[in-house]
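K.L.:
Kindly return the folded structure for what I paste below:
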Amino acid sequence: MLEEDPQGYEDIQKRTVPSRYIDLPHHIVGPLWHSNHHDWNVWLEICRYTGWDPLGKLKPMKYRNFVFPFNSSLRVGTSIYKEWVTRINDFRPVRIAICGEAGSSKSYTAMQIARVLERDKFTIDQVVFEAKEFIKLQDSLGEGRVIIPEEPAYMLAAREWQKREQKQSIKVIETSRYLNNPLILPVVNRNLLDKIIREYYINYVIEMVGRGVGYVYFTWVKQFDPKPRRKSKGKIYMYWPAVELSRCGRTTCLHCPKVYNKRTRRYTGDCNKFIWPQYERKRDAILHKRRQAELESGEVTENDEIVAKIVTKMRKATEIKEKLIGHKGKYSLALICVECNVNRENGGLILNYLKDTHPIPIDPQGNIQK
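P.N.:
Numbers count the residues shown, from 1 in each chain. Here you go, the predicted structure:
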């Protein structure tokens with residue numbers, strides 16, 4: 001439920017449209033200006049979240065079943081989405097990099113843009129985290145369907161250009177124009193991407209300056225001048241994800257009790273109300289898989305010596321796993337800390353590792369099998 005609004009939006013909703021606006025052209029006032037429109041309440045939800053005046057400078061406009069703010073003098077509207085749709089229909093490449101600090105809603109903005117371009121037919125299967133998944137999806141999707149390589153710094157990193165999978169991914173991106181699949185890449189900074197991708201294949205950059213707010217630029221490189229150039233395309237306000245989540249009384253699905261399990265620290269809930277909890281579950285599963293691979297191999301860490309010790313402790317815990325079972329028939333964190341001589345933080349890592357790789361066998365009567 002939304003909190004009570006101190007500014008009294010119920011009174012605003014009852015206002016009538018001033019007479020001086022009734023005869024203005026349709027494209028100036030926006031199609032949702034009249035408070036009796038069936039999507040007026042959606043505009044009020046956006047204004048409640050942003051603090052805008054529903055009758056202020058920004059006017060509501062509906063495009064592809066979504067409500068957007070519109071003001072031509074402020075260069076805010078749906079023109080950039082129409083430009084992308086036109087390029088897709090004309091089989092011209094659309095490759096967007098969304099850049100910004102952590103917490104600026106890069107991923108949510110990318111998925112919302114995809115929902116707009118596909119008229120809300122976008123699914124969570126079109127968000128990929130690995131190069132193999134990206135290559136397979138490229139062959140199975142139809143024309144005009146968007147692909148979002150999430151965390152592209154893993155599959156298209158500037159420092160790993162020599163990896164075989166990355167070379168394959170770049171080749172797939174090179175041929176994606178012929179398959180007409182737009183790409184949207186959320187990344188902290190586009191300089192983290194491979195040089196070929198960031199300078200020659202990315203043609204739009206969205207610089208996030210706040211949650212759901214960003215400046216759009218068209219980028220290109222001239223044939224005889226290696227310096228990238230850019231042209232401003234205006235500003236986007238992507239508040240629709242926040243409005244949907246506000247109906248649950250939240251601003252994000254992170255640590256939502258319907259999705260997040262505090263005991264296991266995993267996103268295992270079954271909430272499918274929106275696409276956002278589906279994304280959190282998929283991202284958590286991929287990150288958990290990566291953590292397991294990193295811990296088992298001991299290759300990726302900030303301190304190789306610490307990881308080597310933890311891996312050694314994990315091997316020791318595997319050998320004496322029967323001693324680590326408490327009186328309740330479960331692995332005990334206290335026993336792990338004592339037997340393996342580790343602190344609670346590393347003990348928690350070992351505990352999760354044992355739960356995932358060596359579950360305790362239980363017979364039908366509920367007893368531990370020897």
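K.L.:
measure stretch 315-329 end to end?
P.N.:
Length of stretch 315-329, first residue to last, C-alpha to C-alpha, to the nearest Å: 21 Å.
K.L.:
Name the residues of it that are buried.
P.N.:
317, 321, 324 (16 or more other C-beta atoms under 10 Å). Bear in mind the C-beta positions are built from the backbone N, C-alpha and C, glycine included.
K.L.:
Identify, from those, the entry nearest to Met238.
P.N.:
Nearest to Met238 among these, counting by C-beta to C-beta, is Ala317 at 45.9 Å.
K.L.:
Just confirm the closest one is within a helix.
P.N.:
Yes - according to DSSP: H, G, I helix; E, B strand; the rest coil, Ala317 belongs to a helix.
K.L.:
pretty sure it is touching Leu354, no?
P.N.:
Yes - the pair Ala317 / Leu354 is scored as a contact, 6.1 Å apart, by C-beta atoms under 8 Å.
K.L.:
Between the two, which contacts overlap?
P.N.:
When contacts are counted by C-beta atoms under 8 Å, 6 or more residues apart in numbering, Ala317 and Leu354 have 324, 336 as shared neighbours.
K.L.:
Leu185 reaches Leu193, doesn't it?
P.N.:
Yes - counting by C-beta under 8 Å, Leu193 is a contact partner of Leu185 at 7.1 Å.
K.L.:
More neighbours: these two, which one.
P.N.:
Neighbour comparison, Leu185 and Leu193: the larger count goes to Leu185, with 28 against 23 (by other C-beta atoms under 10 Å).
K.L.:
got the contact list for the one helix or strand that one maps to?
P.N.:
Per DSSP states H and E: Leu185 is located in strand 183-187. With contacts defined as C-beta under 8 Å, 6+ apart, strand 183-187 is touched by 94-99, 106-107, 109-110, 113-114, 146-153, 156, 173, 176, 193, 202.
K.L.:
before we move on, what about stretch 248-267?
P.N.:
Contact with stretch 248-267 is made by 1-3, 242, 245, 268-269, 271, 273-274, 276-277, 279-281, 283-285, 288, 352, as judged by C-beta under 8 Å, 6+ apart.
K.L.:
Buried only: go through those residues for me.
P.N.:
For the contacts of stretch 248-267, a burial check counting by 16+ other C-beta under 10 Å picks out 242, 245, 269, 271, 276-277, 279-281, 283-284, 352.
K.L.:
one step back: which of the contacts of stretch 248-267 fall in helices?
P.N.:
Using DSSP state H, the subset of the contacts of stretch 248-267 located in helices is 242, 245, 276-277, 279-281, 283-285, 288, 352.
K.L.:
for those, which one is nearest Lys59?
P.N.:
Closest approach to Lys59 among these (C-beta to C-beta): Ala242, at 19.4 Å.
K.L.:
Could you pull up the contacting residues of the closest one?
P.N.:
By C-beta under 8 Å, 6+ apart, Ala242 lies in contact with 49, 105, 211-212, 251.
K.L.:
Just the buried residues from those residues, in ChimeraX please.
P.N.:
The following ChimeraX selection, which keeps only the buried ones among these, applies the criterion 16+ other C-beta under 10 Å:
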select :49,105,211,212
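K.L.:
min pLDDT across the contacts of Ala242, which one?
P.N.:
Lowest pLDDT among the contacts of Ala242: Thr251, with 71.
K.L.:
follow-up on the earlier one: emit the PyMOL select command for whichever of the contacts of strand 183-187 are buried.
P.N.:
In PyMOL, a selection of the buried entries from the contacts of strand 183-187 looks like this (16+ other C-beta under 10 Å):
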select buried, resi 94+95+96+97+98+99+106+107+109+110+113+114+146+147+148+149+150+151+152+153+156+173+176+193+202
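K.L.:
Could you pick out which of the contacts of strand 183-187 are located in strands?
P.N.:
Applying DSSP state E to the contacts of strand 183-187, the entries found in strands are 95-99, 148-149.
K.L.:
which residues touch the residue nearest the centre of the chain?
P.N.:
When C-alpha atoms, centre = their mean is applied to the chain, the residue found nearest the centroid is Ser107 (2.4 Å). Residues in contact with Ser107 (C-beta under 8 Å, 6+ apart) are 148, 150, 186, 279.
K.L.:
Can you tell me which of those residues is closest to Lys233?
P.N.:
Lowest distance from Lys233 to the contacts of Ser107 (C-beta to C-beta) belongs to Pro186, with 18.2 Å.
K.L.:
any idea how far that closest one lies from Lys62?
P.N.:
The gap separating Pro186 from Lys62 is 26 Å, by C-beta to C-beta, to the nearest Å.
K.L.:
Neighbour count: those two, which is higher?
P.N.:
Neighbours per residue, other C-beta under 10 Å: of Pro186 and Lys62, the larger number sits with Pro186, 25 against 17.
K.L.:
Noted, bye for now.
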